[in-house]
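Novice: Below: sequence and its predicted model.
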Amino acid sequence: MERLNPDKLPRHVAVIMDGNGRWAKKKGLTRIAGHQKGIDSVRNVVRTSRELGIRWLTLYAFSEENWRRPKHEVKALMNLLNRFLKAERKEMLDNGIRLNCIGQVEKLPPEVQKTLWQTIERTSQNNDMTLTLALSYGGRQEILGAVRNMLKDIEEGTLKEKQITEDRLSSYLYTADMPDPDLLIRTSGEYRISNFLLWQIAYTEIYITPTLWPDFHKERYLEALLDYQKRERRFGSTGEQIARHTKG
Ligand code: IPE
Ligand code: IPE
Ligand code: MG
């Protein structure tokens, strides 16, 4: 396999971890068993990102729309999340990983919220990598919340209409302190965004692989990163302009 260029790594990788259910079905297992197996892939992608020196990793773990799933599946997912957070605390502390979350976290069961905030608190001094879990997250809801909060600030006089810029709007999102993702990976072959980071992915490179999330091992991740390194990011400019610019 080709080597990754350590100077061209994405600063921020975001992942839509999809396909646990299909993986389980193929094996004749329950969907819950698929989610359980998916945790190994989470651990894997976190470790690899940290080893490579990727500074920001954001994982879509539970969408706002996932609350529509059968009650027992939601419950199992919440239990798995709770256990994952407790089990990974030490590794996060040992490896300089700061935990962060985005989404309507107040909707999560109280015991999960407690574990989550405890882990966030305990890892808050770490600064080698920020692992963000998107939990009860929806991009539209996030933008709507930002608009509402901006209106409130306008009413209170702390925000003027003229001050509403792209940067200002960004500062009202959950991701206020984060760079936009450079690379978005979606596993299991679906060509959609499913309400993930709508504002933030305006110029993100998208990589979709048919591999189901529980099968997304280190090699698959490295392939995604290699593919990213071959892309030419133009941000609206022409290829010639980019070539001139990178030549110096
Ligand atoms: C992703 O796997 C995990 C979550 C959305 C929580 P799915 O559960 O969506 O798996 P498929 O899409 O049914 O295969
Ligand atoms: C997206 O996967 C959400 C997460 C990975 C957490 P879904 O499986 O919920 O997406 P859809 O419903 O197929 O679009
Ligand atoms: Mg799915």
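Specialist: Thanks, I have it. Ligands and ions are numbered 1, 2, ... in the order given.
Novice: Relative to ligand 1, how far out is the residue located most distally from the centre of the chain?
Specialist: Checked against the mean C-alpha position of the chain, the extreme residue using Cα atoms, centre = their mean is residue 157, at a distance of 33.9 Å. Plainly put, residue 157 is 42 Å away from ligand 1 if you go by Cβ to the nearest ligand atom, to the nearest Å. Backbone N, C-alpha and C define where each C-beta goes, glycine included.
Novice: again, but for residue 125
Specialist: Taking Cβ to the nearest ligand atom, one finds residue 125 at 30 Å from ligand 1.
Novice: burial of the closest residue to that residue other than its chain neighbours, as a residue count?
Specialist: Residue nearest to residue 125 in three dimensions, not counting chain neighbours: residue 98, with 7.7 Å by Cβ to Cβ, 6 or more residues apart in numbering. Residues within reach of residue 98, counting by other Cβ atoms under 10 Å, total 19.
Novice: mind checking the SS state of residue 194?
Specialist: The three-state label given to residue 194 by DSSP: H, G, I helix; E, B strand; the rest coil is coil.
Novice: That one: what's it in contact with?
Specialist: Applying Cβ atoms under 8 Å, 6 or more residues apart in numbering to residue 194 gives the contacts 16, 18, 60, 63, 65.
Novice: Quick check: pLDDT value at the residue of the chain found nearest ligand 2.
Specialist: Distances between the chain and ligand 2 by Cβ to the nearest ligand atom are smallest at residue 194, namely 3.6 Å. As predicted, residue 194 sits at a pLDDT of 98.
Novice: so where do the strands sit in this structure?
Specialist: Secondary structure of the chain by DSSP state E: the strands cover 12-16, 56-63, 97-102, 129-137, 183-186, 205-208.
Novice: For those, could you give me a markdown table that also reports mean pLDDT and distance to ligand 1?
Specialist: Below are the strands of the chain laid out as a markdown table (pLDDT from 0 to 100; distance: least, Cβ to the nearest ligand atom, whole Å):
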| stretch | mean pLDDT | distance to ligand 1 |
| --- | --- | --- |
| strand 12-16 | 99 | 8 |
| strand 56-63 | 98 | 5 |
| strand 97-102 | 98 | 15 |
| strand 129-137 | 98 | 10 |
| strand 183-186 | 98 | 10 |
| strand 205-208 | 98 | 13 |
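Novice: ok, now how distant is the residue lying closest to residue 6 once chain neighbours are set aside from residue 228?
Specialist: Closest residue to residue 6 apart from its sequence neighbours, by Cβ to Cβ, 6+ apart: residue 53 at 7.2 Å. Distance of residue 53 to residue 228, given as Cβ to Cβ, to the nearest Å: 15 Å.
Novice: which residue is nearest the middle of this structure?
Specialist: residue 58 (2.4 Å).
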